[in-house]
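**Student:** Structure, please.
(chains A, B, C and D)
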2 protein chains.
Amino acid sequence: MNKEGFVPAVEDRPAVTVDIVLFSVINDWLNVLLVKRRIPPFVGMWALPGGFVRRGETLEEAALRELSEETGVSGFYLEQLYTFGDPGRDPRMWIVTVAYYALVNSKGIELRPATDVVDTAWYLVDNLPELAFDHARIIQYAVKRLRSKLEYTTVGFELLPEKFTLTELQRVYEAILGQKIDKRNFRKKMLSRGILQPLDETKMEGVHRPAKLYRFLGV
Amino acid sequence: MNKEGFVPAVEDRPAVTVDIVLFSVINDWLNVLLVKRRIPPFVGMWALPGGFVRRGETLEEAALRELSEETGVSGFYLEQLYTFGDPGRDPRMWIVTVAYYALVNSKGIELRPATDVVDTAWYLVDNLPELAFDHARIIQYAVKRLRSKLEYTTVGFELLPEKFTLTELQRVYEAILGQKIDKRNFRKKMLSRGILQPLDETKMEGVHRPAKLYRFLGV
DNA sequence: AAATTTAGTGTATAAAATACACGATTACGA
DNA sequence: TCGTAATCGTGTATTTTATACACTAAATTT
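**Tutor:** Residues are numbered from 1 along each chain as shown, chains lettered A, B, ... in the order given. Coordinates of the predicted model:
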């Protein structure tokens, strides 16, 4: 039973992939980006964007590369989520996947329109289609992580543009947590964190009172 | 740049390992289990217990198997930590490692004495020897995770025997957090969580007043 | 019975979270 | 220009949670 010295032959190694749960808040609802599979297994089914890790790149680089290949955009907020390696999670071969989640402000991203490479679409997290592999589970896990990280980090700001109003910020929180938040308490708490810079600008958009704009200062 | 359909040849796959940071609180200090390497690379250097994942087993099974091979014990509390895959983290080959952390009450574990298989030893987390690979970084990461999990979960109880006193519990918290805690506030908070069952037994051990024993009830 | 050592307890204060309602500002249309 | 509609922006009272802090109780040893 001496495991040391044992190195598995090349044919006894799993392939390693990255899969990315890219979130965006669109029209006050939390969405994830899905791609339609064009190759077996699960042809025609929706799945998470992702692909094989290549020699010489870090896992994070692989995740960013895959995302930019499929969205035409780069510079996402990215964080490792969990690694899934159960045998049988891919019916054809042994694959270990390192899952990431990423956040983007959907205004700053244009999905390649009508690309012939892959069919990509945003889906509401609580109205997902049937998904390939164990990707439903991965998304579920990512939502859970995102919700808890929202409470004690500043990840929420990654879903907003450079300048935003407090109401927009609140809508992002509400979309992720799936519940309404008291306006006065929310603003009090956010402003007391000392991470928001009030700007001398307002957002004059609707036909109503303009809202003050803020910028995220970082920690 | 169409990544779909591309599957890396077997010789272009990384080997996948698991490494485990096994913690225990010994004499009121936080310790980790290390093993001395007998094969290249880093022969003779201390490293985390771990090894290659085998076809047909889950990552968690692999971690538990490696741990029990090197300690002779099974049934650890185990939780996935992070996956490290930077190229060059192993000087000889491409290895992606899925790191876990595990918790055990050292009273319930006997390291195989003077085994000829591997040399294993407990080390104080803040007095580690030079470590192979990126294992120092992994341990650092694990300590950080353990500290934060201690605050909002019940992982702390995994480091205690079935029956324990409140003082013993407090010592575990202090060892992990690396700071003294107020006794009255600590007890108030623990008892108010409603997860402790007071027993009709006391621990008569020292030469002093016996302490009431409790049992962890679970969530 | 005095000394030693650990167990066990309560209160006052500060900080943080929660519940809750209305006046202010803009655009538009009558 | 005045009223309406819609969103912006604000404060206080209450509850809950966290913190600071010191002495008596119970056992053993000499």
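**Student:** Residue A:71 reaches residue A:109, doesn't it?
**Tutor:** Yes: judged on C-beta atoms under 8 Å, residue A:71 makes contact with residue A:109 at a distance of 6.1 Å. Where C-beta positions appear, they are placed from N, C-alpha and C, glycine not excepted.
**Student:** Which one's more surrounded, those two?
**Tutor:** In this comparison of residue A:71 against residue A:109, neighbours counted by other C-beta atoms under 10 Å in any protein chain shown, the higher total goes to residue A:71 at 23 against 17.
**Student:** Can you read off the pLDDT for the more buried one?
**Tutor:** On pLDDT, residue A:71 comes in at 84.
**Student:** Name the nearest residue to residue A:11, sequence neighbours excluded.
**Tutor:** Nearest non-adjacent residue to residue A:11, counting by C-beta to C-beta, 6 or more residues apart in numbering or on different chains: residue B:10, 5.1 Å away.
**Student:** Now for the one you found: which residues touch it?
**Tutor:** A:10-11, A:13 (C-beta atoms under 8 Å, 6 or more residues apart in numbering or on different chains).
**Student:** On the three-state scheme, the closest residue to DNA strand C within chain A is what?
**Tutor:** Closest residue of chain A to DNA strand C, C-beta to the nearest atom of the strand: residue A:209 (2.8 Å). Put simply, residue A:209 is coil when judged by DSSP: H, G, I helix; E, B strand; the rest coil.
**Student:** how close does it sit to residue B:99?
**Tutor:** Distance check for residue A:209 against residue B:99: by C-beta to C-beta, to the nearest Å, it reads 52 Å.
**Student:** And those two? Which one has more around it.
**Tutor:** Per other C-beta under 10 Å, whichever of residue A:209 and residue B:99 has more neighbours is residue B:99, with 26 against 7.
**Student:** ok, which stretches of chain A are helices?
**Tutor:** Secondary structure of chain A by DSSP state H: the helices cover A:59-71, A:135-152, A:166-177, A:183-192.
**Student:** wait, residue A:172 sits on residue A:25?
**Tutor:** Yes: shown here, residue A:172 and residue A:25 form a contact pair, counting by C-beta under 8 Å, at 5.0 Å.
**Student:** so what sits against both of those two?
**Tutor:** Here residue A:172 and residue A:25 have residue A:159 as joint contacts, going by C-beta under 8 Å, 6+ apart.
**Student:** Show me what from chain A comes close to DNA strand C.
**Tutor:** Taking C-beta under 7 Å from any atom of the strand, the part of chain A that reaches DNA strand C is made up of A:182-185, A:188-189, A:204, A:207-210.
**Student:** Can you tell me which of those residues is nearest residue A:64?
**Tutor:** Nearest to residue A:64 among the residues of chain A next to DNA strand C: residue A:189, at 32.4 Å, using C-beta to C-beta.
**Student:** Would you check how far apart that closest one and residue A:195 are?
**Tutor:** Taking C-beta to C-beta, one finds residue A:189 at 11 Å from residue A:195.
**Student:** Residue A:64 too?
**Tutor:** Distance of residue A:64 to residue A:195, given as C-beta to C-beta: 25 Å.
**Student:** Those two: which is more packed in?
**Tutor:** Neighbour totals were compared for residue A:64 and residue A:195, and residue A:64 leads with 20 against 15 (other C-beta under 10 Å).
**Student:** pretty sure that one contacts residue A:79?
**Tutor:** No: contact criterion C-beta under 8 Å: residue A:64 and residue A:79 do not qualify, at 11.8 Å.
**Student:** Walk me through the domains of chain A.
**Tutor:** Per automatic domain parsing, the structural domains of chain A span A:10-152, A:161-216.
**Student:** Buried deepest among those, which one?
**Tutor:** domain A:10-152 (a mean of 18; mean count of other C-beta atoms under 10 Å in any protein chain shown).
**Student:** Next, the distance between the ends of that domain.
**Tutor:** Distance between the two ends of domain A:10-152: 43 Å, counting by C-alpha to C-alpha, to the nearest Å.
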